[in-house]
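Peer 1: the sequence and its predicted three-dimensional model are supplied below.
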Amino acid sequence: MHLAAHFPGVNSTTVWTDPRSRSQIEFSSFEHLARTAERGRFDFFFLAEGLRLREHRGRIHDLDVVGRPESITLLNALAAVTDRLGLAATVNATFNEPYELARRLATLDHLSAGRAAWNVVTSSDAFTGENFRRGGYLDRADRYTRAAEFVATARELWDSWSPDGNPRPFAHRGRHFDIAGEFTVPRSPQGHPVVIQAGDSDEGREFAASSADVIFTRHGTLDAGRAFYADTKRRLAKYGREPSELKIMPGVSYVLGDTAADAEERAAVIREQQVSPQNAILALEQIWGRDLSSYDPDGPLPEIDPDPGSDVAQGRVRVADPAAVAAKWRALSQQKGLSIRQTVIETTARQSFIGTPDAVAAELHEFVRTDAADGFILVPHLTPGGLDDFVGRVVPLLQERGVFRTEYTGPTLRSHLGLAEPVWKG
Amino acid sequence: MTVSRPLHLAAEIGGRPQYDAGYYTGLALLAERGTLDFITLDDSFARPGPDAPAVLARVAPDTGRIGLVPAVTTTHTEPFHVSSAVATLDWVSRGRAGWSPAVSETAAEAALFGRRDAAPRADLWHEAGEVADVAARLWDSWDDDAEIRDVATGRFIDRDRLHYTDFTGRTFSVRGPAIVPRPPQGHPVTVVDGTGAAAREAAVRHADVVLVRADDPLTARTFREEIRNRAAAHGRSPDQLRVLVSLPVELHTGADAVGLARLIADWYEQDAADGFHLLPADVERDLPLIVDGTVPVLQHHCLLRRFYPGATLREHLGLARPAGRYAQNPGGRP
Ligand SMILES: Cc1cc2nc3c(=O)[nH]c(=O)nc-3n(C[C@H](O)[C@H](O)[C@H](O)COP(=O)(O)O)c2cc1C
């Protein structure tokens, strides 16, 4: 089983109202979580990315944790306070250039002695583009062709130095990039930093099957996990790859308790904290596409229908079919007699694993045993102490079961993940 | 004994490219033992070497006081990313970050990116100035107290204390606000080599520290006066500006180190500069001699402090922490 720690930054998973919640930006927070993950012998530490502050109804969204450091810079600093933990940065392929990013990633791999990973994300919207030279012109259909060519180009650069330390000129002429010259960084300890993909469309899965080492997914239930696992692993053969060459790691949250009832009770409290009355209305507005500020969060759902043309929420993944979601929410609320807030809690804020440490360990094992996942990216709800109890109480049980390492066996992230060093293609 | 006008000392730690973190950490700790204000690390896309901001971020947690100033190219990079990376260096070093904007002039560098052709130096420095400008605007785009964590209203931030930058330059535009909250120093320290005419214009507008190269103290002094006057003409306070002479050094013996100290003292007493940025010919050989030979002599003559009185790079340099330009009631906060 592979385990990674997601820094619980910008999202509504993070409960900032908890008195134990600390800074989401001070280095000490990142250091705490990374050291905890390393104490737990985790494979890697993971940082998400957002390149424009989210907006809601034309104004900056102000309810969730917002504000975070730039990932690669931060991970270089974390390399100083950890020894073995992999260091994964989410970096957008649309708003970067291969030469610069390949150089920054190769540098991180050198300075961390072989622990770098890149989570390739592809959002290409004009909203985000307003912060960048290239603007928002990249067509949605092109984002994965650019991402795939980006990764291929980065690999050409990483391979342009021979393993014995000699640079050779490179030249890449493709649809998205036409570049040539000499790369300034020698081949790094892992050969190529580990490539992670996050994104769920057909094109995304295909890109992952052709190019990625790890997939970060949202499929946190057993059935959805198995379906996704089977689908993506099946795609590997056409690229001449073995199923073991691509690790599937859903992002999951968890709540522990001394008894099952205790855990459920805690989970309910956390859900209430995640979905404040204000957050409930906001979630509703994202589906309905309307100003619903006059509605009572403890009252019933609106009678009016969603506005099909609206985009109230900028910088978030859009809901594909708002009318269908609204119908589902209405049915649920009527059937169970739920208020707006209770409905939102019921539909959006479910924790993935809830139970005693024993039960959670068994459930995680079940996922891996039955091919629903190769491991997990844990998304705690507290910064920075949210992983303390998992490492203290669940990791030892996974180790006792023999499904998780008790010591790192190698120095590099590739070795933790059981991935071979890429063959040099000079 | 305190000196009325403190001497500032900095050193470049680049040289032969190295890819091992321990090498750079060792040099940074050495410079810190010599209580230098900051170290610089040069960078370019055109020659072998690791990414300089990454190296100094790696060094940050292993050091406690030394200022960290990487060169950052502004030509083929994204101003938004540049601003975020420098702000992050300030966060991870707890207020010790600077940056030295640089330009990429050659066709060979342009070919590494394939986005635009090589351009004249004056245009590139104009752009570098715009990048420095937008970076500072982005650092100010969060007021210091934008994060409110107000449980009663459920608001994590006060959106009225976040600001769109809406910057449109000749080659780029940035909407803002930043993703990274305002860094500890407000603005990390901007260091510009103002020796060339094109760079000097950007320096007098945007730099906190201007580096100049000069062969004698009189030339240096003339440079310093010109820079201070031009900065003042742009409405800036010359006293919030430090001019350091970049001095190539090559030391082989303890006697050379003492000689360097005499030269520094001599130039300094002639008001040539606010301090010196030493450029070792061989950093592994020269830096230990600077720290163990030159620095003690300067300290002995009470020209150089013996410890860091403050924690941030701005404090080392005696530069005020700027108030956010968009902050609604700057008088109401420290
Ligand atoms: C689990 C997961 C995590 C993601 N994390 C990020 C992120 O941190 N930053 C980002 O810009 N996009 C992130 N994305 C968005 C994807 O990169 C992609 O833009 C989006 O999923 C749409 O692609 P798709 O149509 O292939 O799903 C994430 C997606 C998934 C599934």
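Peer 2: Thanks, I have it. Residues are numbered from 1 along each chain as shown, chains lettered A, B, ... in the order given.
Peer 1: who are the packing partners of the one helix or strand B:P101 maps to?
Peer 2: B:P101 is part of strand B:98-102, with elements assigned from DSSP states H and E. Here strand B:98-102 touches strand B:67-73, helix B:79-92, helix B:121-139, strand B:189-193, going by 3 or more Cβ pairs under 8 Å, 6 or more residues apart in numbering or on different chains; DSSP states H and E. Backbone N, C-alpha and C define where each C-beta goes, glycine included.
Peer 1: partner strands of it and their direction?
Peer 2: strand B:67-73 (parallel), strand B:189-193 (parallel) (DSSP bridges).
Peer 1: and B:I179, how far is that from B:L303?
Peer 2: 42 Å (Cβ to Cβ, to the nearest Å).
Peer 1: on that earlier part again, in CSV: the strands paired with strand B:98-102, plus mean neighbour count.
Peer 2: Converted to CSV, those look like this (neighbours: other Cβ atoms under 10 Å in any protein chain shown):
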stretch, mean neighbour count
strand B:67-73, 26
strand B:189-193, 25
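Peer 1: returning to what we had before: so which residues make contact with the strand holding B:P101?
Peer 2: B:38, B:40, B:42-44, B:53, B:67-74, B:82, B:86, B:89, B:128, B:131-132, B:188-193, B:202, B:206, B:208-209, B:313 (Cβ atoms under 8 Å, 6 or more residues apart in numbering or on different chains).
Peer 1: for A:V255, helix, strand, or coil?
Peer 2: strand (DSSP: H, G, I helix; E, B strand; the rest coil).
Peer 1: name the nearest residue to it, sequence neighbours excluded.
Peer 2: Computed as Cβ to Cβ, 6 or more residues apart in numbering or on different chains, the closest residue to A:V255 that is not its neighbour in sequence is A:A267, at 4.2 Å.
Peer 1: and if you look at A:Y239?
Peer 2: Spatial nearest neighbour of A:Y239, excluding adjacent residues (Cβ to Cβ, 6+ apart): A:S210 at 4.8 Å.
Peer 1: can you verify my assumption that the one you found contacts A:A237?
Peer 2: No - counting by Cβ atoms under 8 Å, A:S210 does not reach A:A237; the two are 11.4 Å apart.
Peer 1: which of those two has more neighbours?
Peer 2: Using other Cβ atoms under 10 Å in any protein chain shown, the more surrounded residue of A:S210 and A:A237 is A:S210, with 19 against 11.
Peer 1: for the ligand, give me its nearest residue in chain B.
Peer 2: Using Cβ to the nearest ligand atom, the closest approach of chain B to the ligand is made by B:I179 at 11.2 Å.
Peer 1: in the helix or strand containing A:F207, what counts as buried?
Peer 2: Using DSSP H and E, A:F207 falls within helix A:202-211. For helix A:202-211, the neighbour count (16 or more other Cβ atoms under 10 Å in any protein chain shown) marks A:203-211 as buried.
Peer 1: any chance of the residues you listed in JSON lines, plus pLDDT and distance to A:T370?
Peer 2: Shown next, in JSON lines, are the buried residues of helix A:202-211 (pLDDT from 0 to 100; distance: Cβ to Cβ, whole Å):
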{"residue": "A:E203", "pLDDT": "92", "distance to A:T370": "28"}
{"residue": "A:G204", "pLDDT": "93", "distance to A:T370": "24"}
{"residue": "A:R205", "pLDDT": "95", "distance to A:T370": "20"}
{"residue": "A:E206", "pLDDT": "95", "distance to A:T370": "25"}
{"residue": "A:F207", "pLDDT": "95", "distance to A:T370": "26"}
{"residue": "A:A208", "pLDDT": "96", "distance to A:T370": "21"}
{"residue": "A:A209", "pLDDT": "97", "distance to A:T370": "21"}
{"residue": "A:S210", "pLDDT": "96", "distance to A:T370": "26"}
{"residue": "A:S211", "pLDDT": "94", "distance to A:T370": "27"}
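Peer 1: dump those into JSON lines; add distance to A:L282 as well.
Peer 2: Below are the buried residues of helix A:202-211 laid out as JSON lines (distance: Cβ to Cβ, whole Å):
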{"residue": "A:E203", "distance to A:L282": "30"}
{"residue": "A:G204", "distance to A:L282": "27"}
{"residue": "A:R205", "distance to A:L282": "31"}
{"residue": "A:E206", "distance to A:L282": "34"}
{"residue": "A:F207", "distance to A:L282": "32"}
{"residue": "A:A208", "distance to A:L282": "32"}
{"residue": "A:A209", "distance to A:L282": "36"}
{"residue": "A:S210", "distance to A:L282": "38"}
{"residue": "A:S211", "distance to A:L282": "36"}
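Peer 1: tell me the one among the residues you listed nearest to the ligand.
Peer 2: Looking across the buried residues of helix A:202-211 and measuring by Cβ to the nearest ligand atom, the closest to the ligand is A:G204, at 2.9 Å.
Peer 1: circling back to that earlier point, neighbour count winner among B:I179 and B:L303?
Peer 2: Shown here are B:I179 and B:L303; by other Cβ under 10 Å, B:I179 has more neighbours (25 against 18).
Peer 1: does the more buried one touch A:I60 like I think?
Peer 2: No - between B:I179 and A:I60 there is no contact under Cβ under 8 Å: 11.6 Å.
Peer 1: touching both of these two, which residues are there?
Peer 2: With Cβ under 8 Å, 6+ apart, B:I179 and A:I60 have common neighbours A:L53.
Peer 1: how close does B:L68 get to B:H81?
Peer 2: On the measure of Cβ to Cβ, B:L68 and B:H81 end up 18 Å apart.
Peer 1: how about A:D43?
Peer 2: 27 Å.
Peer 1: who has more neighbours out of those two?
Peer 2: Using other Cβ under 10 Å, the more surrounded residue of A:D43 and B:H81 is A:D43, with 32 against 23.
Peer 1: assess the claim that the more buried one and A:A5 are in contact.
Peer 2: No - in this structure A:D43 lies outside contact range of A:A5 using Cβ under 8 Å: 9.1 Å.
Peer 1: which residue does the stretch 201-350 of chain A bring closest to chain B?
Peer 2: A:Q278 (3.9 Å; Cβ to the nearest Cβ).
Peer 1: tell me the secondary structure for that residue?
Peer 2: Per three-state DSSP, the secondary structure class of A:Q278 is helix.
Peer 1: wait, it sits on B:T153?
Peer 2: Yes - contact status for A:Q278 versus B:T153: in contact at 7.3 Å, counting by Cβ under 8 Å.
Peer 1: so for the two, which residue has more residues nearby?
Peer 2: A:Q278 (16 against 12).
Peer 1: once you drop chain neighbours, what's closest to that one?
Peer 2: With Cβ to Cβ, 6+ apart, the residue lying closest to A:Q278 is B:G154, at 3.9 Å.
Peer 1: list phi and psi for that neighbour.
Peer 2: Dihedral pair for B:G154: phi 80, psi 10, per degrees, to the nearest 10.
Peer 1: contacts only, for it.
Peer 2: Residues near B:G154 by Cβ under 8 Å, 6+ apart: A:63, A:276-279.
Peer 1: do you know how far the residue of the stretch 301-426 of chain A found nearest the ligand is from A:I270?
Peer 2: Closest residue of the stretch 301-426 of chain A to the ligand, Cβ to the nearest ligand atom: A:V317 (6.0 Å). In this view, A:V317 and A:I270 are 22 Å apart by Cβ to Cβ.
Peer 1: more neighbours, those two?
Peer 2: Ranked by neighbour count (other Cβ under 10 Å), A:V317 and A:I270 place A:I270 first, with 20 against 10.
Peer 1: now name the helix or strand holding that one.
Peer 2: Assigned by DSSP H and E, A:I270 falls in helix A:260-274.
Peer 1: could you list the low-pLDDT ranges of chain B?
Peer 2: Along chain B, segments meeting pLDDT under 70 span B:1-4, B:329-334.
Peer 1: name the nearest residue to B:V212, sequence neighbours excluded.
Peer 2: B:F223 (4.5 Å).
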